[in-house]
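Participant: return a 3D structure for these sequence lines:
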Amino acid sequence: MDGKAGTWYDARAECMKKYFKVDEWNLCVSAMEERFLDRQEARIALGIMWEPKYKGDIESYLMDVETLNYKVCLVGTTWRTLLRDGLSEDLQHHL
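Facilitator: Residues are numbered from 1 along each chain as shown. Okay, the predicted model is just below:
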């Protein structure tokens, strides 16, 4: 990592080492998002979360919605509903 994010990460790693803590990926990502994620970016992503639709390539569809969800962090019923609603009616029928 470079720039401010790299400096932040290095300081975090030193702090973990100093206090004999083991960093976990999900905690590190959460702390980084809180520190660097623009809240306006999350609102914009939430506004377009429902736009991606399945067009025959499930990997592409999942990549599109998961990329947006990194900024929004939907979980549970709302996340499953969004995923289902982006599928064709035929696929939804088979779920």
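
Participant: using the three-state scheme, assign the most centrally placed residue in the chain.
Facilitator: With the centre of the chain defined as its mean C-alpha position, the nearest residue by C-alpha atoms, centre = their mean is Tyr70, 1.3 Å away. Assigned by DSSP: H, G, I helix; E, B strand; the rest coil, the conformation of Tyr70 is helix.

Participant: shift numbering so it begins at 47
Facilitator: Shifting the count to begin at 47 puts that one at Tyr116.

Participant: got the domain ranges for this protein?
Facilitator: 47-82, 84-141 (automatic domain parsing).

Participant: deepest-packed of those, please.
Facilitator: Greatest average neighbour count among these goes to domain 84-141 (a mean of 13), per mean count of other C-beta atoms under 10 Å. Every residue, glycine included, has its C-beta placed from N, CA and C.

Participant: ok, back up a step: want to throw the domains of the chain into TSV with mean pLDDT?
Facilitator: Written out in TSV, the entries for the domains of the chain read as follows (pLDDT from 0 to 100):
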stretch	mean pLDDT
domain 47-82	83
domain 84-141	89
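
Participant: any idea how far the most far-flung residue of the chain relative to its centre lies from Thr127?
Facilitator: The outermost residue of the chain, judged against the average C-alpha position, is Lys64 (29.4 Å), by C-alpha atoms, centre = their mean. Taken as C-beta to C-beta, to the nearest Å, the spacing of Lys64 relative to Thr127 amounts to 44 Å.

Participant: also Glu105?
Facilitator: Here the criterion is C-beta to C-beta. By it, Glu105 lies 21 Å from Thr127.
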